[in-house]
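Asker: sequence first, then the predicted structure:
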Amino acid sequence: MRSGLPTDTGRVDLDLDRCVRAVRSRDARFDGQFFTAVRTTRIYCRPSCPARTPRAANMTFYPSAAAAQRAGYRACKRCRPDATPGSPEWDVRSDVVARAVRLIGDGVVDREGVPGLARRLGYSDRQVERHLAAELGAGPLQLARAQRAQTARLLVEGTDLSLTDVAFAAGFSSVRSFNDTVREVYDLTPSELRRRTRAVAARREDGRGRGGTEGSSPRGTTLAPAFTAVVVRLPRRAPLTPDNLFGHLTATAVPGVEEWRDGAYRAAVALPHGAAIVSLRPAPGHVAARLLLSDLRDLAAAIGRCRRALDLDADPEAVDAALSEDRVLAPLVAAAPGRRVPRTLDPEAFAVRAVLGQQVSTAAARTHAGRLAAVLGTPVDDPEGGLSRVFPSPGRIADATADELAMPAARRAAVLAVAGLVERGELDLGPGSDWARARAVLAGVPGVGPWTVETVAMRALGDPDAFVPTDLGVRLAATALGLPSSPAALARRARPWQPWRAYAVQHLWATGDHTANLMPAHAALAAPEKGLRS
């Protein structure tokens, strides 16, 4: 999409001809990758907007919703461009701009301000501003403002909270700034936005002749004693093969911390302001998320965690096209297009779990992690299911006694070392982490091998090129497909798969009969686990 043609941002960036073609064809693949602004109406849209296509002379393009808003455009009420999947570019890259975007999505600017963002990145405030403005047409404050506006819309439309509560839960410093921002971005006051949403919902219910919709009730229900429930739709790009995604998360679920219940993956997780319970269910065109939050200020962070855990901002067509060039992988991709990489809601906890899972089966890894959670985890009162614990924090693990960490001495030393590094900030696994540095720090821990490093890179860091040639399941698949089975030879053979080797791993794993390859509803049909560890 890069070409050297200017946009209204004054940057040399977006390819105008390709953008115009995408808009004219209403190509949803580009939703979230750029935004179309119409000079005559002062509205910005997603490329797939169903409204009448404007003249090319009246269109201009922006790389982010924040840049369009900064230029004075308001969001289209029909296509709701702020609700598109995020750009896949930020999942692929590990440079400072990508790291900054992921941190802003996690709410760092709202919690710590621009100085906190810059400190996490190791840059000055001015450098961060300059990098983001050069590439996205907006600085960190504008990007965070756009996110606050989207969070506010979700709360206005999806809950019965008072508008004052919505304002502060969305991260605004005052009700006035909340009102002004919503009016500017959506051309509606918060009250008008809520009335409009309820009127549309009422018409839909009347048309069906029955009340309620799947996954939409209760909305904004306060659950005693600690949670407020919020239901949101998480958009994603097509195609999507959800089997290994939800199958893997369920097959590796830690007892008491994660579960599969009533067709949804559920997990208890610690967020910046308190505990939460998330429920994720695959649905046509989106993933339905039900979030039980102890503090509504964590809504944006919870949504970001869910999107990363399910790899929803990936570009499946780009991944599938690249892997299909390999004659061995092509049939696997054709049989299951749009495979995602199952990641995690809690990167720090996953690093500890990966150490516990070294050289043992999936079932044994779950048992070890479950015991650790039962002893050290933070209790949580799940009003809707069977979750009882949030996985223990790195600090709690680092302070644990030998009796509390009942495991072999070498494994205990590795677990304590990893937890200590995370607690001291020497090992950063969050959305703004430097992938190369995190790998190097983790590889320096005695007792942590290449399999653990790459597994953490794949599922905690979210590196799309992480590769585990030493994994037993990968080697079994390689042998069955006629690929080299030795780790060194397989790594050489996999070089053409870059930068999508983590996705290639999913296709290789899926050739086996492990329960992780099936949607949990059908997991009982699979043979006992064989050769999968993570």
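Answerer: Thanks, I have the structure now. Numbering: from 1, shown residues only.
Asker: quick one: contacts for the nearest residue to residue 323 once chain neighbours are set aside?
Answerer: Nearest residue to residue 323, sequence neighbours excluded (CB to CB, 6 or more residues apart in numbering): residue 329, at 4.7 Å. Bear in mind the C-beta positions are built from the backbone N, C-alpha and C, glycine included. Applying CB atoms under 8 Å, 6 or more residues apart in numbering to residue 329 gives the contacts 323, 497, 504, 507.
Asker: run a quick neighbour tally on the nearest residue to the third one once chain neighbours are set aside.
Answerer: Leaving aside its chain neighbours, residue 504 sits nearest to residue 497 (4.6 Å; criterion: CB to CB, 6+ apart). A total of 21 residues lie near residue 497 under the criterion other CB atoms under 10 Å.
Asker: which residues does residue 497 contact?
Answerer: Here residue 497 is in contact with 322-323, 326, 329, 504 (CB under 8 Å, 6+ apart).
Asker: among the residues you listed, who's most crowded?
Answerer: Going by other CB under 10 Å, residue 504 tops the contacts of residue 497 with 25 neighbours.
Asker: my guess is that one contacts residue 494. True?
Answerer: Yes: applying CB atoms under 8 Å, one finds residue 504 in contact with residue 494, separated by 6.6 Å.
Asker: between these two, what contacts are shared?
Answerer: residue 467.
Asker: Three-state assignment for residue 233, please.
Answerer: Here residue 233 is recorded as strand under DSSP: H, G, I helix; E, B strand; the rest coil.
Asker: dig out what it forms beta bridges with.
Answerer: residue 288 (DSSP bridges).
Asker: quick one, helices of the stretch 51-200 of the chain?
Answerer: Along the stretch 51-200 of the chain, counting by DSSP state H, counting those that start in this stretch, helices occupy 65-70, 89-92, 96-105, 108-121, 125-136, 140-158, 163-169, 175-186, 190-208.
Asker: which one of those helices lies closest to residue 312?
Answerer: For the helices of the stretch 51-200 of the chain, proximity to residue 312 was assessed by CB to CB; helix 89-92 is nearest, at 9.6 Å.
Asker: in terms of secondary structure, what does that closest one contact?
Answerer: helix 96-105 (3 or more CB pairs under 8 Å, 6 or more residues apart in numbering; DSSP states H and E).
Asker: next, the angle from the helix it packs on to helix 140-158.
Answerer: 40 degrees (axes from the mean of the first three to the mean of the last three CA atoms, to 10 degrees).
Asker: so how far is helix 96-105 from its chain's centroid?
Answerer: Distance of helix 96-105 from the chain centroid (CA atoms, centre = their mean, to the nearest Å) equals 13 Å.
Asker: contacts for it next, please.
Answerer: 86, 89-92, 109, 117, 120-121, 123, 128, 131-132, 135-136, 140, 143-144, 147, 300, 304, 430-434.
Asker: what residues of stretch 357-369 count as buried?
Answerer: Using 16 or more other CB atoms under 10 Å as the test for burial, stretch 357-369 gives 357-358, 361-362, 365-366, 368-369.
Asker: columns secondary structure on top of these, output as TSV?
Answerer: Below are the buried residues of stretch 357-369 laid out as TSV (three-state DSSP):
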residue	secondary structure
357	coil
358	coil
361	coil
362	helix
365	helix
366	helix
368	helix
369	helix
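Asker: farthest-apart pair in these, please.
Answerer: 358 and 366 (13.8 Å).
Asker: next, give me the two most distant ones among the contacts of residue 329.
Answerer: Farthest-apart pair in those is 497 and 507; separation 9.8 Å (CB to CB).
Asker: what is in contact with these two at once?
Answerer: Going by CB under 8 Å, 6+ apart, residues that sit against residue 497 and also against residue 507 are 323, 329.
Asker: how far away from the center of its chain is stretch 249-265?
Answerer: 18 Å.
Asker: may I see the buried residues of that stretch?
Answerer: 249-260, 264-265.
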